[in-house]
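Visitor: give me a 3D structure for the following:
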Amino acid sequence: MNWLKMKSNLKNVFNYTLIKISLIPLNLWIISSLIFILLRIAPGDPIDAILGSGADQEARELMRSKLGLNQSIHIQYINYLKNLINFNLGDSLSNQEPVIQIIRNALPATIELGLFSILIAIFIGFPLGYMGLKNKNKKYDYISRIIGISSYAIPPFWGAMMMQLIFSVILRVLPIGGRFPIAENPHSITGFFILDSILKNDFNAFQGAVYHLALPSFTLGFLLSGIFSRSLRLNLEKAYKSDYIDAATCRGINEKNILLNYAFPNALIPIFTITGFAIASLAGGALLIEVTFSWPGLALKLQEAILQRDYNLVQGIVIVTSIIIISINLLIDIMIAFFDPRIKY
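Guide: Alright, predicted model coming up:
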């Protein structure tokens, strides 16, 4: 009987996964089309960013022809989609470097910041949510609510500047920005500085990487922690009101086992869903955090590309970021479908 249930659940997850995967091309087409249109209707000319507004008309037309910007919009759009289908993101308009290479160099910094930010958000948010629930309408509950609401409501750029002011300017215990000490240029193996320092058994490099990562990752993690604290509190509160918790209590099971084996696993399923929204928020918050802390990731490159009207680079970064977010959300959806048999397609 258990084997039949497992087989049915696996079939359900497989069908659910196929449906989700089939929607990915449509999502990417909509995103890629929107970013193409928005860049073309936005004010500003990439030729001005490349040659300057004082360039003569002949040089401008020559550069426009070289970059393919003299073609009609629908021809540009067709060529753009053809390149995307062939996994060709083109070259940067500002420096003619392949877009995929620019993204490959900047992506590890963004992933490193994002991973540590999510971990910090969980380590802050989960204890806050649990302590608030266990001390309902008491001092710890009010503190938990204030911190949770504040972390979610604070504008990322303002929070980042306050962190810099406190820890870098006043206390002078952490660097104000950058990813590694300016005087040192670490030889990168994977692009992830912390991992590279471990692989090379270089404690000084490890210390320098953590030293620079601490402030931006803590800032972004704190700003996201309110999502996790609120979600855990609400779902644990709902779980503790369930009949199976009352049954476990009547059987004499201690509170720790009830939390770990009954309440927490059931509260995690909605939290998986919230994690998808947190990752999307991470992408938006990382833009302001990376710019404020001069963190050399995708978000900082995106800001530079927007200022330079670099169509190809903006399009490439948005599409790659969308693919990453869609893939992570797909993985989360599959995990939810696997652990929650109520989801059927």
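Visitor: gap between Thr275 and Leu224?
Guide: 10 Å (Cβ to Cβ, to the nearest Å). C-beta here means a position set from N, CA and C on the backbone, and glycine is covered the same way.
Visitor: intersection of neighbour lists for those two?
Guide: Residues touching both Thr275 and Leu224 comprise Ile118, with contact defined as Cβ atoms under 8 Å, 6 or more residues apart in numbering.
Visitor: between these two, which has more neighbouring residues?
Guide: When Thr275 and Leu224 are compared for neighbours, Leu224 comes out ahead with 26 against 23, by other Cβ atoms under 10 Å.
Visitor: SS state for that one?
Guide: Counting by DSSP: H, G, I helix; E, B strand; the rest coil, the backbone at Leu224 sits in helix.
Visitor: now do the contacts for Leu287.
Guide: If you count contacts by Cβ under 8 Å, 6+ apart, Leu287 has them with Ala299, Leu302, Gln303.
Visitor: pretty sure the second one contacts Ile317?
Guide: Meaning Leu302. Yes. Look at Leu302 against Ile317 with Cβ atoms under 8 Å: they come within range, at 4.7 Å.
Visitor: out of the two, which sits in the busier spot?
Guide: Residue environment comparison for Leu302 versus Ile317 gives the larger neighbour count to Ile317, 26 against 23, counting by other Cβ under 10 Å.
Visitor: hey, where'd the helices end up in the stretch 201-345 of the chain?
Guide: Across the stretch 201-345 of the chain, reading from the start of the chain, the helices by DSSP state H, counting those that start in this stretch fall at 203-240, 243-250, 255-258, 264-292, 298-307, 311-339.
Visitor: so which of those helices gets nearest Lys66?
Guide: Evaluated over the helices of the stretch 201-345 of the chain, closeness to Lys66 peaks at helix 311-339, with 13.1 Å, by Cβ to Cβ.
Visitor: closest one to Ile85 among the helices of the stretch 201-345 of the chain?
Guide: When those are ranked by distance to Ile85, counting by Cβ to Cβ, first place goes to helix 311-339 at 12.0 Å.
Visitor: the bottom helix or strand of this structure by mean pLDDT?
Guide: Least confident helix or strand of the chain, by mean pLDDT, DSSP states H and E, is helix 264-292 with a mean of 75.
Visitor: buried sites along that helix?
Guide: By neighbour count on 16 or more other Cβ atoms under 10 Å, the buried set for helix 264-292 is 264, 266-268, 270-272, 274-276, 278-279, 281-283, 285-292.
Visitor: before we move on, what about stretch 254-263?
Guide: Neighbour counts using 16+ other Cβ under 10 Å place Ile258, Leu259, Tyr262, Ala263 of stretch 254-263 among the buried residues.
Visitor: then stretch 48-65?
Guide: For stretch 48-65, a neighbour-count test (16+ other Cβ under 10 Å) marks Ala49, Ile50, Leu51, Arg60, Met63, Arg64 as buried.
Visitor: with just CA atoms, put that stretch into CSV.
Guide: Below are the C-alpha coordinates for stretch 48-65, written out as CSV (Å, rounded to 0.1, in the frame of the first residue of the first chain):
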residue,chain,number,x,y,z
ASP,A,48,25.6,59.3,-27.0
ALA,A,49,26.8,57.0,-24.2
ILE,A,50,29.5,55.5,-26.4
LEU,A,51,30.7,58.5,-28.5
GLY,A,52,29.4,61.4,-26.4
SER,A,53,26.8,64.0,-27.4
GLY,A,54,29.5,66.0,-29.3
ALA,A,55,30.3,63.4,-31.9
ASP,A,56,29.6,64.4,-35.6
GLN,A,57,26.6,62.9,-37.4
GLU,A,58,28.8,60.7,-39.8
ALA,A,59,30.5,59.0,-36.8
ARG,A,60,27.2,58.5,-35.1
GLU,A,61,25.6,56.9,-38.2
LEU,A,62,28.7,54.7,-38.7
MET,A,63,28.5,53.5,-35.1
ARG,A,64,24.8,53.0,-35.3
SER,A,65,25.2,50.8,-38.4
